[in-house]
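**Student:** Sequence and computational prediction follow.
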Amino acid sequence: MLSRITQRQLEYFVASGEAGSLLGASERIHVSSPSISAAITHIESELGVQLFIRHHAQGVSLTTIGRQVLKEAKLILEQMNNLYTIASESLNMVRGPLRVGCLESLAPMITPELVFGFGRAFPGVRISQVEGNHEQLLEKLRSSEIDIALTYDLATSDDIDFQPLAQLPPYVMVGEHHPLANLQAVTLHDLETYPMVLLDIPWSREYFMSLFMQAGVTPNIVMRSSNLEVVRAMVANGVGFSIANVRPKANLSQDGKRLIRVRLSGEHRPMRLGYATANNAQLSRLVSAFAERCRMFVSDQYIPGMAAPSFFDPHAVRVLKGVS
């Protein structure tokens with residue numbers, strides 16, 4: 001319930017309880033009396049109790065429950081101040097340059113919240129970001145051009161440490177007028193006769209082709225692109241279907257046409273999203289702090305900028321068109 005009551009509102013309430021009047025609280029915290037009154041009314045509405053007895057000339061006195069709430073509100077504010085103190089001490093230790101690499105197909109979705117949110121949390125950090133394909137990111141880790149990379153488990157290497165965070169199972173992407181758009185699910189054999197648009201970047205390309213190879217199917221590839229948004233636009237415009245793992249929250253291509261996700265039946269290896277570092281690199285406090293943020297913010301239930309993989313339930317009774 002307290003999640004709907006802000007810290008500022010609690011501060012207004014405590015100031016009024018201690019001052020014994022809205023005017024006294026206003027003078028004490030330099031906030032207008034109507035704003036304080038509105039905050040108190042909001043808290044009373046959220047808690048379902050009366051906190052003050054109102055008197056003339058903006059005088060107030062606490063009710064019995066109001067005195068109990070005042071005591072707890074002071075404890076909550078004290079605990080929140082302690083959190084800021086801890087965070088402030090941490091800010092002084094986490095500082096310096098941080099060079100983050102990100103797979104180019106992932107960067108528009110996950111970096112605004114994950115990477116630059118980290119920069120906002122730690123003002124002493126100077127972030128630079130590099131986008132590239134999987135091979136390019138691994139080479140930059142080996143040459144110490146970047147400190148950490150957000151990528152997939154597409155190619156294992158003894159000199160690279162990969163920490164998985166979330167699984168992204170493959171699905172079929174079609175335009176809203178495609179013959180498969182209204183189906184609950186399709187198999188790779190169902191796709192064999194339809195034209196395909198391939199996301200053609202190193203290791204992702206091999207991953208997609210391996211899905212067909214394992215099923216003994218040869219896809220009818222009519223168009224390729226190394227740009228995910230170009231692939232999405234081709235699919236939305238009816239050029240063909242595609243297979244993808246990332247799930248942008250928007251089910252529209254950049255030219256405004258609708259895309260439909262259809263479940264891919266069968267057992268298929270998902271891509272695993274995570275972060276990679278060089279095995280021979282000593283992780284600084286800064287890099288370790290960013291890695292911890294990645295572990296806290298990315299999971300099968302939540303990926304910044306994406307519809308969660310868990311939403312696309314393989315046991316769902318039907319495909320939800322136009323829903324992320």
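**Tutor:** Perfect, thanks for sending it. Numbers count the residues shown, from 1 in each chain.

**Student:** Run a quick neighbour tally on V222.
**Tutor:** Look at V222: counted by other C-beta atoms under 10 Å, it has 13 neighbours. (C-beta placed from N, C-alpha, C; glycine too.)

**Student:** And for the one 10 residues further on?
**Tutor:** R232: 26 surrounding residues under other C-beta under 10 Å.

**Student:** what sits against the closest residue to it other than its chain neighbours?
**Tutor:** Nearest non-adjacent residue to R232, counting by C-beta to C-beta, 6 or more residues apart in numbering: S253, 4.7 Å away. Contact analysis of S253 by C-beta atoms under 8 Å, 6 or more residues apart in numbering lists 229, 232-233, 235-237, 259.

**Student:** repeat that with 10 Å
**Tutor:** For S253, the contacting residues are 175, 229-237, 259, by C-beta atoms under 10 Å, 6 or more residues apart in numbering.

**Student:** Can you give me the end-to-end span of stretch 142-162?
**Tutor:** With C-alpha to C-alpha, to the nearest Å as the measure, stretch 142-162 spans 13 Å from end to end.

**Student:** What mean pLDDT does that stretch get?
**Tutor:** Computed over stretch 142-162, the mean pLDDT rounds to 90.

**Student:** Pull out the buried positions in that stretch.
**Tutor:** For stretch 142-162, a neighbour-count test (16 or more other C-beta atoms under 10 Å) marks 142, 146-154, 160-162 as buried.

**Student:** can you check stretch 270-278 too?
**Tutor:** For stretch 270-278, a neighbour-count test (16+ other C-beta under 10 Å) marks 270-278 as buried.

**Student:** roughly how far is it from the heart of the chain?
**Tutor:** For stretch 270-278, the separation from the chain centroid amounts to 16 Å (computed by C-alpha atoms, centre = their mean, to the nearest Å).

**Student:** same question, stretch 264-283
**Tutor:** With C-alpha atoms, centre = their mean as the basis, stretch 264-283 stands 17 Å off its chain's centre.

**Student:** before we move on, what about stretch 115-127?
**Tutor:** Mean C-alpha position of stretch 115-127 versus that of the full chain (C-alpha atoms, centre = their mean) differs by 16 Å.

**Student:** For the residue lying closest to S128 once chain neighbours are set aside, what are phi and psi?
**Tutor:** Once flanking residues are discounted, S128 sits nearest to R99: 5.2 Å by C-beta to C-beta, 6+ apart. Backbone torsions of R99, given as degrees, to the nearest 10, read phi -110, psi 110.

**Student:** Equivalent analysis for the one 5 residues further on, please.
**Tutor:** Recorded main-chain torsions at E104 are phi -60, psi -30, according to degrees, to the nearest 10.

**Student:** before we move on, what about the one 4 residues further on?
**Tutor:** P108 has phi and psi values of phi -60, psi -20 when expressed as degrees, to the nearest 10.
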